[in-house]
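Asker: Predicted model and sequence follow; I will ask about them next.
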Amino acid sequence: GPAIQTESSALPTMTIDAVSAPYEPPAEIDVVVHGTSLRGAYRVKYRPKPGVPVVMDAGAYDILLKSANSSAGFVLASNVEVKESTLTRINPNALVGGIAVEAVTKKGFPVIKNLQFVDKDNLIAQATDKLGVVLPIAPGSYEVVGTTADNRHVKLAEGVAVSQGAILKFDPLGQMAAIVVYMPTGPKLDMKAVDALNAGTNQVAAKAEAW
């Protein structure tokens, strides 16, 4: 199909096209031996540049796109076979979906400084510290976790479904509510913190350290 094509070549070779607009380009492309565990550190076999052919050992490989956040990445294509006397060309734009992160702010709401999209295997597939961007990502379902300016982690959404070839709009503030803690009008209190707990639990959902 249009995503992975082959042609004759003197040597077993792979080339991966650039990720085109409107998607944010990846920071790196990692090629690993097919079946390599991606939890923790893993061995990178090749690290090609977009559009630059790389001579490889014949075999089966998995291709990962890595974001600028080094801990985030997703499998673009799995079990891609590189054969003798063949050039394998991969078009990432035909394999991914996209998440368009809305660039919005609202007075009184926490500032989101980082977003993470976590896949079903609890791996961080994408992450960004910029709003108003379109992130390429593998089709699938994701949980979205935001980090606020005061370094709190907030689960913003779960079951966010991304389809191949489609761009989903995601509004971080549209997934949030806020509680404002006002200073008492009576005697001054020496307040260290006010915690908002998930109902019926001791789990802190939000914390205020100032009136």
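Answerer: Received, thanks. Numbers count the residues shown, from 1 in each chain.
Asker: Specify the beta-bridge partners of D62.
Answerer: Per DSSP bridges, the residues bridged to D62 are V32.
Asker: That one reaches Y42, doesn't it?
Answerer: No - D62 is beyond contact range of Y42, at 9.9 Å (criterion: CB atoms under 8 Å). All C-beta spots, glycine's among them, are computed from the backbone N, C-alpha and C.
Asker: Nearest spatial neighbour of K192, chain-adjacent residues omitted?
Answerer: Spatially, and ignoring its direct neighbours in sequence, K192 is nearest to E209 (7.3 Å; CB to CB, 6 or more residues apart in numbering).
Asker: residues touching that neighbour, list them.
Answerer: Contact partners of E209, counting by CB atoms under 8 Å, 6 or more residues apart in numbering, are D150, K192, A193, V194.
Asker: State the pair within the residues you listed that is farthest apart.
Answerer: Spatial extent of these (CB to CB) is set by the pair D150 and K192 at 14.5 Å.
Asker: Between these two, point out the one with more neighbours.
Answerer: Neighbours were counted for D150 and for K192 using other CB atoms under 10 Å; D150 has more, 12 against 6.
Asker: In helices only, show me the contacts of E209.
Answerer: Cross-referencing those against helices under DSSP state H gives no overlap.
Asker: Make TSV out of those residues and add distance to N79 and pLDDT.
Answerer: Supplementary listing: the contacts of E209 in TSV, determined by distance: CB to CB, whole Å; pLDDT from 0 to 100:
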residue	distance to N79	pLDDT
D150	43	74
K192	54	86
A193	50	86
V194	52	88
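Asker: between the residues you listed, which is nearest S9?
Answerer: D150 (53.8 Å).
Asker: any idea how far E209 is from that closest one?
Answerer: In this structure, D150 and E209 are 8 Å apart, going by CB to CB, to the nearest Å.
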